[in-house]
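*Asks:* please find the sequence and the predicted model below.
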Amino acid sequence: MAAAEDTRPSVYLASGLGFSARQRALVLPELKAALEKAGARVFEPFEDNGEGAKTAEVQAPGWAYRVGQADVQAVRDCDAVFCWANFNPPDEGAMIELGIAIGLRKKTFVFRDDFRKCCPAEDYPLNLMIFSGMPEKEWKDYYFQSLEEIADPKKAFVRWIQGEL
């Protein structure tokens, strides 16, 4: 008997968390679990693109191209991108993945529990381009500052999962 197809909306988790063994072990699983608990099927590139979080020294030749292309294709294949945007500046690769999603007009969501403001852009705590894929007035519904907020039914992620957006 064939397994039932997973019909949950898919979200690409853009982050730099996989580059650090400690963040990969402690922070990344909590973030992924919060997204899954809210009802999403999560594509986590460090785990799901087949390359893993290896150092450059142990990769086969051509690894950088393969990883980049696999990540771009995964952004295309997923329904939305959820971007972990801590640090100042946030991870460059995650910002590129978010930009690809914005260009493809996919839903984008941003998580940041880092209290530092990255740039002076009116009310935005990050570069204004990060918010260009979100509604002008309701952008805060797509922006998360705690793991608990991800499951908030008033915020955009749960409403998107439920098909309301």
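*Replies:* The structure has been received and is ready for your questions.
*Asks:* residues making contact with the worst-scoring helix or strand of the chain on mean pLDDT?
*Replies:* Each helix and strand of the chain was given a mean pLDDT (mean pLDDT, DSSP states H and E); the minimum falls on helix 45-48 at a mean of 92. Outside helix 45-48, the residues that touch it by C-beta atoms under 8 Å, 6 or more residues apart in numbering are 12-14, 17-18, 24, 28, 52-53, 70-71, 74. Every residue, glycine included, has its C-beta placed from N, CA and C.
*Asks:* which one of the residues you listed is nearest to F131?
*Replies:* Nearest to F131, judged by C-beta to C-beta, of the contacts of helix 45-48 is A14 at 14.8 Å.
*Asks:* okay, the biggest helix by length in the chain in PDB with CA atoms only?
*Replies:* Ranked by number of residues, the top helix in the chain under DSSP state H is helix 21-37. Output of helix 21-37 as PDB, limited to C-alpha atoms (Å, rounded to 0.1, in the frame of the first residue of the first chain):
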ATOM      1  CA  ALA A  21      27.500  22.600  14.800                       C
ATOM      2  CA  ARG A  22      26.000  24.000  18.000                       C
ATOM      3  CA  GLN A  23      23.300  26.000  16.100                       C
ATOM      4  CA  ARG A  24      22.600  23.000  13.900                       C
ATOM      5  CA  ALA A  25      22.100  20.800  17.000                       C
ATOM      6  CA  LEU A  26      20.200  23.300  19.300                       C
ATOM      7  CA  VAL A  27      18.600  26.200  17.400                       C
ATOM      8  CA  LEU A  28      17.700  24.700  14.000                       C
ATOM      9  CA  PRO A  29      15.600  21.700  15.300                       C
ATOM     10  CA  GLU A  30      13.500  24.000  17.500                       C
ATOM     11  CA  LEU A  31      12.800  26.400  14.600                       C
ATOM     12  CA  LYS A  32      12.000  23.500  12.300                       C
ATOM     13  CA  ALA A  33       9.700  21.900  14.900                       C
ATOM     14  CA  ALA A  34       7.800  25.200  15.400                       C
ATOM     15  CA  LEU A  35       7.100  25.400  11.700                       C
ATOM     16  CA  GLU A  36       6.000  21.800  11.500                       C
ATOM     17  CA  LYS A  37       3.800  22.200  14.600                       C
END
